[in-house]
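> 3D model of this:
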Amino acid sequence: MEKNWAGNYQYRASQLHRPQSVAEVQEVVKNSNHLRALGTRHSFNGIADSAGDQISLENLDRMSLDQEARTVTVGAGVTYGQLCPYLYRNGFALHNLASLPHISVAGACATATHGSGSKNGNLATAVSALEIVTASGDVVTLSGERVHGAVVGLGGLGVVTKLTLDVQPAADMRQAVYENLSFDRLKGHIDEIFASGYSVSLFTDWQNHRATQVWIKTRIDSEFHSDFFGAKLAAKKLHPLPGLPVENCTEQMGISGPWYERLPHFRMNFTPSGGDELQSEYFVPRENAYEAILAVEELRDHVTPHLLISELRTIAADDLWMSPCYQRPSVAIHFTWKPEWDTVKNVLPMIEERLAPFDARPHWAKLFAMTPARLQKLYVKLPDYRALLEHYDPSGKFRNEWLDLYCFSRR
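Next up, the predicted model:
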């Protein structure tokens, strides 16, 4: 049986199919009673699991660039680490990237995985069309407004075989890291701080009322000063986790390079983790970000002993039905935990209680404790999403225990 990337979840699927073509995907779908697509295994819960079979699209790895239309069409097996150098060689770029280039485009978009930037939407907002194999084995292409309901599909509509992404002209970027930003400086300045670069991340262990590091990624025509709201420019390259090899991280110190070698935190040729880990993440409205950060900080003595690091990032609002950033600019509060699930599972309800006044939405593919009833109230388009699933998959072939619990359960 397969395990996920972190090793905390073991899939129960009886068989993993690895088709070589869309036609083979169709055959697998037609011959399966229950089926779920498995990406690069970076989910931390059972979202990709199946009581029947799983299907990997890793062999569907073709890429095709339309320079005139400024789009690129990729097979569902393509990772960002494969796609980005291809785009850069041809003079193009994506609008955003997550921390890891190792994840698949299809999997990241299906779960609304994000990068950072006050004006940058999550990775799924780049999708202008997607091709899926439905429960009947038919190939369907969705585009225009139909993408809004389907792209963050949580694996429920069918097997995604191809996506078309909007691209933009390539640019080189630079990255600098600052140390020890007091949380006091967030009050009245939080929007300015997060808008100070193309992508900005604050790392914290929730101790001493400060962000331990601030990572700012920007165009090469911007300057880095020695002082950033009281935080000091790092004199050497740093890892978000003190003591871990800095070689794993993308280049810093203001050295310019291709956009795809600066926007992620970690380099493609290195394993980014310091070992086994767990992850959770919550999205709060940007106007509540300062209050939400302080609310979590009050739990520092419960959080820090089991934490590797937390990261704070901004994401622009979007119109994707099941996106945690649906129609609200957001700040993501991310937790990378030590592999101590027996304790972490008791801390998560405490965090969720503190964030409840802000209607915090959890990342679909990470660990949370929220009840299905509470989670469903946070998504006004959930009834439309359910109707879409029932239209394309009336027999529930692509549903699983996780999807039934969080999107269909009335509990």
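> buried set for stretch 45-55?
Asn45, Gly46, Ile47, Ala48, Asp49, Ser50, Asp53, Gln54, Ile55 (16 or more other C-beta atoms under 10 Å). In this view, the C-beta of every residue, glycine as well, is placed from N, C-alpha and C.
> And the average pLDDT for it is what?
Mean pLDDT, computed over stretch 45-55, is 96.
> which residues are contacting that stretch?
By C-beta atoms under 8 Å, 6 or more residues apart in numbering, the residues outside stretch 45-55 that reach it are 2, 9, 11-19, 25, 28-29, 32-39, 41, 111, 154-155, 159, 364-367, 400-403.
> Inside helices: which ones of those residues?
Val25, Val28, Val29, Glu401, Trp402, Leu403 (DSSP state H).
> tell me the contacts of the closest residue to the second one other than its chain neighbours?
Of all residues not flanking Val28 in the chain, His17 sits nearest, at 4.7 Å (C-beta to C-beta, 6 or more residues apart in numbering). When contacts are counted by C-beta under 8 Å, 6+ apart, His17 is found next to Val28, Asp53, Gln54, Ile55, Ser56.
> likewise Ala211?
Asn180, Leu181, Phe183, Leu202, Phe203, Thr204, Ala231, Leu312.
> Name the SS class of it, please.
Applying DSSP: H, G, I helix; E, B strand; the rest coil to Ala211 yields a three-state assignment of strand.
> how much space between it and Lys236?
Ala211 is 18 Å from Lys236, where distance means C-beta to C-beta, to the nearest Å.
> cool, and Lys377?
47 Å.
> more neighbours, these two?
Between Lys377 and Lys236, Lys377 has the larger neighbour count (other C-beta atoms under 10 Å), namely 11 against 8.
> Next, format the ones in helices among the contacts of stretch 45-55 as a markdown table and append neighbour count.
Output for the ones in helices among the contacts of stretch 45-55, formatted as a markdown table (neighbours: other C-beta atoms under 10 Å):
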| residue | neighbour count |
| --- | --- |
| Val25 | 27 |
| Val28 | 18 |
| Val29 | 24 |
| Glu401 | 12 |
| Trp402 | 20 |
| Leu403 | 20 |
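> Which of the residues you listed sits closest to Glu353?
Within the ones in helices among the contacts of stretch 45-55, proximity to Glu353 (C-beta to C-beta) peaks at Trp402, which comes in at 22.8 Å.
> Tell me, how many residues neighbour Gln279?
19.
> Now do the residue nearest to the spatial centre of the chain, the pLDDT please.
Closest to where the C-alpha atoms of the chain average out (C-alpha atoms, centre = their mean) is Thr113, at 2.0 Å. What the model reports for Thr113 is a pLDDT of 96.
> who touches it in this structure?
Ala98, Ile103, Gly107, Asn122, Leu123, Ala124, His363, Ala365.
> And it, its phi and psi?
Dihedral pair for Thr113: phi -60, psi 150, per degrees, to the nearest 10.
> before we move on, the earlier item: PyMOL command for the buried members of the contacts of stretch 45-55?
Buried subset of the contacts of stretch 45-55, written as a PyMOL selection, criterion 16+ other C-beta under 10 Å:
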select buried, resi 9+11+13+17+19+25+28+29+32+34+35+36+37+38+39+41+111+154+155+159+364+365+366+367+400+402+403
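> For the residue nearest to the centre of the chain, give its distance to Ala48.
With C-beta to C-beta as the criterion, Thr113 and Ala48 are 13 Å apart.
> what about Val347, helix or strand, and which?
Using DSSP states H and E, Val347 maps to helix 341-355.
> quick one, helices of the stretch 101-250 of the chain?
105-110, 146-150, 190-194 (DSSP state H, counting those that start in this stretch).
> Of all these, which one comes closest to Pro245?
Proximity to Pro245 (C-beta to C-beta) singles out helix 105-110 among the helices of the stretch 101-250 of the chain, at 25.2 Å.
> Now tell me what touches that closest one from outside.
37, 39-40, 42-43, 57, 74, 76-80, 83, 98, 113, 123-124, 126-127, 130, 151-155, 160, 163, 165.
> mind redoing it with 6 Å?
Gly39, Thr40, Val74, Ala76, Val78, Leu123, Ala124, Val127, Val151, Gly153, Gly155, Val160 (C-beta atoms under 6 Å, 6 or more residues apart in numbering).
> Ala126 reaches Val167, doesn't it?
No: the pair Ala126 / Val167 is not scored as a contact, 7.7 Å apart, by C-beta atoms under 6 Å.
> Count the neighbours of the nearest residue to Leu157 once chain neighbours are set aside for me.
The shortest distance from Leu157 to any non-neighbouring residue, by C-beta to C-beta, 6+ apart, is to Tyr392 (4.9 Å). Residues lying near Tyr392 (other C-beta under 10 Å) number 21.
> go on, Asp319?
15.
> Could I get the contacting residues of the residue lying closest to it once chain neighbours are set aside?
The shortest distance from Asp319 to any non-neighbouring residue, by C-beta to C-beta, 6+ apart, is to His148 (5.3 Å). Shown in contact with His148 (C-beta under 6 Å, 6+ apart): Asp319, Leu320, Trp321.
> What about these, which are in helices?
Per DSSP H, the subset of the contacts of His148 in helices is empty.
> so which of those comes closest to Ser280?
Distance to Ser280 across the contacts of His148 (C-beta to C-beta) is lowest for Leu320, with 21.2 Å.
> In this structure that closest one contacts Gly153, no?
No: contact criterion C-beta under 6 Å: Leu320 and Gly153 do not qualify, at 9.8 Å.
> how much space between Ser116 and Glu68?
Ser116 is 30 Å from Glu68, by C-beta to C-beta.
> For those two, indicate the residue with more neighbours.
Ser116 (28 against 6).
> Show me the strands in the stretch 51-200 of the chain, by range?
53-56, 63-66, 71-75, 92-93, 127-133, 139-143, 159-166, 168-169, 172-182, 199-204 (DSSP state E, counting those that start in this stretch).
> looking at the ones you listed, which is closest to Ser280?
Between Ser280 and the strands of the stretch 51-200 of the chain, the shortest separation by C-beta to C-beta is 14.6 Å, and it involves strand 199-204.
> That's all I had, so thanks and see you.
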